[in-house]
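[1] curious how this folds, go ahead:
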Amino acid sequence: MRRPHPRLSPEARRVLTDLRRDGVAATSLATLTGGTELLEEVLSRTDDLIADQSADIVRRRRLVAGEPTGWAGPLHDPHEVELLGPHPPVDPEDPYALFLRHPDVVGVAAAYCRRGVRIWDMNGLLTLAAPPTRTGDWARSAHGPAVEVHLHLAGVDAGVGPLSYVRTSHRRRRAVRRLERSGRRIADADVERAFGPAATATLDGAAGTVVFVDPRGLHRRPRPTARDRLLLRGRYGTRDARGHAVLLPAEEVPRSALADFALA
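    From the prediction side, this is the model:
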């Protein structure tokens with residue numbers, strides 16, 4: 001991943017154009033890669049990870065429902081299960097890694113950042129459905145050039161808490177800062193006044209939908225209420241970026257084989 005990929009497919013170029021213009025872009029993995037094999041491998045890997053954590057998932061469901069669990073120790077968010085854990089082990093041949101290393105996936109990220117990138121995070125996220133609460137706040141990341149990619153591992157609709165994004169807010173930073181300086185929660189009406197009534201995009205879609213996001217734009221994702229949400233999330237940053245690395249080499253994988261990853 002030393003330089004932006006020179007031969008992006010036509011679909012990857014379309015996605016890149018949308019991402020640069022809006023700060024968010026969506027496609028399907030089959031359209032982007034020209035087939036369904038990679039998605040099938042990722043879904044199979046996800047099934048195995050969920051089976052491995054089935055007991056933990058059951059305990060979390062009981063905790064979210066307010067039932068006694070006998071849970072001991074701290075828990076950051078009982079609703080969200082990191083299928084690869086807080087320090088994901090990296091094997092370059094793992095289906096999750098193969099997805100993030102696919103030339104037309106990483107190629108979009110590298111071309112968007114206009115320089116070489118590394119993978120800074122990679123995880124499967126199972127978010128458990130719960131009764132409705134207040135809609136999440138609009139927020140953004142203030143960090144440097146980065147791209148997140150979200151692969152829907154199950155269908156996402158209004159009851160599953162789809163990502164919403166304020167188009168063009170990734171490059172209209174002065175307008176975003178004015179909203180932030182108000183010192184109060186950014187409301188939908190504030191977003192509409194600053195960016196227009198049609199600026200908000202909601203990124204739902206079937207399993208296999210791929211969403212690229214510049215996290216510097218305003219975005220939010222409410223918790224699911226009707227069904228669990230299941231995503232693969234990856235984050236790319238430039239090779240010279242500084243940050244808190246969480247990835248670790250998988251067992252028997254040498255660090256020298258993981259140059260495309262930012263390792264802890």
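[2] give me the element Asp18 is part of.
    Here Asp18 sits within helix 10-22, counting by DSSP states H and E.
[3] now do that helix, average pLDDT.
    Average pLDDT, helix 10-22: 97.
[4] show me what that helix is packed against.
    The contact analysis (3 or more Cβ pairs under 8 Å, 6 or more residues apart in numbering; DSSP states H and E) places helix 10-22 against strand 24-28, helix 29-33, helix 103-113. Heads up, the C-betas are built off the backbone N, CA and C, glycines and all.
[5] okay if I get these as CSV plus mean neighbour count and distance to Leu125?
    Output for these, formatted as CSV (neighbours: other Cβ atoms under 10 Å; distance: least, Cβ to Cβ, whole Å):
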stretch, mean neighbour count, distance to Leu125
strand 24-28, 22, 18
helix 29-33, 20, 17
helix 103-113, 23, 17
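[6] want to throw those into JSON lines with distance to Leu126?
    Converted to JSON lines, the helices and strands packed on helix 10-22 look like this (distance: least, Cβ to Cβ, whole Å):
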{"stretch": "strand 24-28", "distance to Leu126": "21"}
{"stretch": "helix 29-33", "distance to Leu126": "19"}
{"stretch": "helix 103-113", "distance to Leu126": "21"}
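[7] pLDDT at the spatially closest residue to Met122 that is not a sequence neighbour, what is it?
    The shortest distance from Met122 to any non-neighbouring residue, by Cβ to Cβ, 6 or more residues apart in numbering, is to Gly234 (5.0 Å). Here, the pLDDT recorded for Gly234 equals 97.
[8] what do you get for Ser182?
    Checking the pLDDT column for Ser182, the value is 79.
[9] contacting residues for it?
    Neighbour list for Ser182: Asp190 [criterion: Cβ atoms under 8 Å, 6 or more residues apart in numbering].
[10] before we move on, what about Arg60?
    Counting by Cβ under 8 Å, 6+ apart, Arg60 has contacts 78-79, 81, 128.
[11] host element of it?
    helix 54-64.
[12] and that helix, how far from the chain's centre?
    From the chain centre to the centre of helix 54-64 is a distance of 23 Å (Cα atoms, centre = their mean, to the nearest Å).
[13] can I get it in CSV, CA atoms only?
    Extracted in CSV, the C-alpha atoms of helix 54-64 (Å, rounded to 0.1, in the frame of the first residue of the first chain):
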residue,chain,number,x,y,z
SER,A,54,-21.9,-17.3,21.9
ALA,A,55,-21.8,-17.5,25.7
ASP,A,56,-20.6,-13.9,26.0
ILE,A,57,-23.3,-12.8,23.6
VAL,A,58,-26.0,-14.5,25.7
ARG,A,59,-24.7,-12.8,28.9
ARG,A,60,-24.7,-9.5,27.2
ARG,A,61,-28.3,-9.9,25.9
ARG,A,62,-29.4,-10.7,29.5
LEU,A,63,-27.5,-7.6,30.8
VAL,A,64,-29.1,-5.4,28.1
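[14] strands of the stretch 101-250 of the chain, start to end?
    117-127, 146-152, 163-166, 200-203, 209-213, 219-220, 229-238, 248-249 (DSSP state E, counting those that start in this stretch).
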